[in-house]
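Undergrad: Fold the following and give me the result.
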Amino acid sequence: MTHLHLESASPGDTEQLAVAVAGVLRPRDVVLLSGDLGAGKTMFTKALCAALGVVDAVTSPTFTLMHEYRGRALNVCHADVYRLERTAEFDDLDLDGARAAGNVLVIEWGEVLSDAFPDHLALRFAHADDANQRSITLAAHGSGWQSRLERIAAHLGTTVAP
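TA: Prediction:
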């Protein structure tokens with residue numbers, strides 16, 4: 001598994017990361033987001049959707065569990081699985097069906113689903129000392145993400161670590 005560790009000094013830095021990720025996304029990709037409340041998961045998703053050409057307002061799906069957005073070339077299913085407790089609740093979201101239809105899945109609190117999606121990009125957001133700073137770690141899971149993580153790093157002017 002390959003990692004990329006970044007320090008985001010501002011929301012603008014996180015938006016640049018989202019642009020880099022959007023540039024390597026393909027239909028049926030899975031992006032799993034984790035981190036404390038307010039760490040930047042939804043802000044990243046808003047920027048990702050904007051980079052994909054979504055014109056609708058992107059909001060947190062905490063209470064509705066999933067929102068679907070149409071982009072220029074890719075559609076995004078943005079889910080929040082924080083409140084789900086049983087496997088049947090995951091099944092009710094039909095994430096597999098959304099993925100089979102070609103949608104990109106972006107799942108907040110998604111670390112609980114990493115076994116269900118062995119080929120995914122994981123992003124972990126953490127608060128830093130300054131209120132606007134974040135520590136963000138990207139991890140490529142599965143062979144489909146290894147070279148794309150390197151492309152993300154190159155876009156951002158950095159390198160990946162083994």
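Undergrad: Apart from its neighbours in sequence, what residue is nearest Ala139?
TA: Ala122 (4.5 Å; C-beta to C-beta, 6 or more residues apart in numbering). (Glycine included, C-beta is placed from N, CA and C.)
Undergrad: doesn't Lys41 make contact with that neighbour?
TA: No. Applying C-beta atoms under 8 Å as the test, Ala122 and Lys41 come out as separate, 11.8 Å apart.
Undergrad: tell me, what's touching these two both at once?
TA: 33-34 (C-beta atoms under 8 Å, 6 or more residues apart in numbering).
Undergrad: which residues sit in contact with Glu7?
TA: 13, 128, 133-136.
Undergrad: Could you give me the buried positions within the helix or strand containing Gly97?
TA: For Gly97, the enclosing helix or strand under DSSP states H and E is helix 95-100. Residues 95, 98-99 are the ones in helix 95-100 that count as buried (16 or more other C-beta atoms under 10 Å).
Undergrad: List just the nearest of the residues you listed to Leu25.
TA: Arg99 (12.6 Å; C-beta to C-beta).
Undergrad: Show the low-confidence segments of this protein, by residue range.
TA: For the chain, the stretches flagged by pLDDT under 70 are 1, 62-64, 83-91.
Undergrad: Need the residue closest to the centroid of the chain.
TA: Most central in the chain under C-alpha atoms, centre = their mean is Val31, positioned 3.9 Å from the mean C-alpha point.
Undergrad: From the rest of the structure, what touches stretch 93-105?
TA: Contacts of stretch 93-105 (C-beta under 8 Å, 6+ apart): 25-31, 52, 65-66, 68, 74-77, 79, 81, 84, 107, 113, 116-117.
Undergrad: Assign Thr137 to helix, strand or coil.
TA: Of the three states, Thr137 takes strand according to DSSP: H, G, I helix; E, B strand; the rest coil.
Undergrad: Identify the bridge partners of it.
TA: Assessed by DSSP bridges, Thr137 has beta-bridge partners His5, Arg124.
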